[in-house]
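[1] give me a 3D structure for the following:
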Amino acid sequence: MTGAMRLLSRLVWNLLCAATWPLRLPLRAAFGHRAPAWVALRLHGPLEDYATPRGWRRFSRRRTLTLADLRDVFERAARAPGCRGLVLRVGHLQASLAQLDALAGLVASARASGKEVVVWAEALDGRTYAALCGASRLHLPPGGSLELTGVAAELTAAGAALSRAGVRPEFFRREEHK
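    Here you go, the predicted model:
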């Protein structure tokens, strides 16, 4: 379809919508606009704090998801009386710990307002799992993975220097395995 045909078809569609608007208005006033039962969000890729248009990116149709957008959606879902909750489909989410903490706060606020929060993910790492474990339900497919790695610690061996200084360790055993 050429550019002129596309423009003409959009013009005809807009004229048709404008002509039928007075007929649709009483129906919309009588039946109202209902909120969706569930709000579905797809969380993947980079998560930014706020939108910053840079260069030619401001003209692209593809927007990156921001925390401000998420906050707006969560607040609107919390206020909507007919909305049962939110479904979060999590892909490979690239977020900092502070952003994941803000996401955990949004999940907690939605739960506090009485909404359900359901998370579906194919794979979760420890940071994302910690942020989303406050949800009502968390679903992984049978082939999904939950990668919980421990915290890395680096110790400096200074036993000899402490014993020369007169420091003696005291060990207490709580259980057989500890």
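
[2] so which residue is dead centre in the protein?
    The centroid of the chain falls nearest to Leu43 when counting by C-alpha atoms, centre = their mean (5.2 Å).

[3] ok, that one - contacts?
    65, 88-91, 93 (C-beta atoms under 8 Å, 6 or more residues apart in numbering). In short, each C-beta sits where N, CA and C put it, glycine included.

[4] from those, which land in helices?
    Using DSSP state H, no member of these falls in helices.

[5] and which of those is nearest to Trp38?
    Leu88 (10.8 Å; C-beta to C-beta).

[6] hmm, that closest one is touching His44, no?
    No. Using C-beta atoms under 8 Å as the test, Leu88 is too far from His44 to be in contact (10.6 Å).

[7] all strands for the protein, in order.
    38-46, 85-94, 116-121, 123-125, 137-139, 145-147 (DSSP state E).

[8] which neighbouring elements make contact with the longest one?
    For strand 85-94, the elements it packs on are strand 38-46, helix 67-79, strand 116-121, helix 126-132, judged by 3 or more C-beta pairs under 8 Å, 6 or more residues apart in numbering; DSSP states H and E.

[9] what does it contact?
    Counting by C-beta under 8 Å, 6+ apart, 38-47, 73-74, 77, 110, 115-124, 128, 132, 135-136 sit against strand 85-94.

[10] may I see the buried residues of it?
    Using 16 or more other C-beta atoms under 10 Å as the test for burial, strand 85-94 gives 85-88, 90, 93.

[11] what do you get for the first one?
    Of the residues in strand 38-46, those buried by neighbour count under the rule 16+ other C-beta under 10 Å are 39, 43.

[12] partners of it in the sheet?
    Here strand 38-46 is paired, per DSSP bridges, with strand 85-94 (parallel).

[13] now the helices and strands packed on strand 85-94 as CSV including distance to Gly159 and mean pLDDT?
    Putting these into CSV (distance: least, C-beta to C-beta, whole Å; pLDDT from 0 to 100) gives the following:
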stretch, distance to Gly159, mean pLDDT
strand 38-46, 45, 90
helix 67-79, 46, 92
strand 116-121, 44, 95
helix 126-132, 32, 91
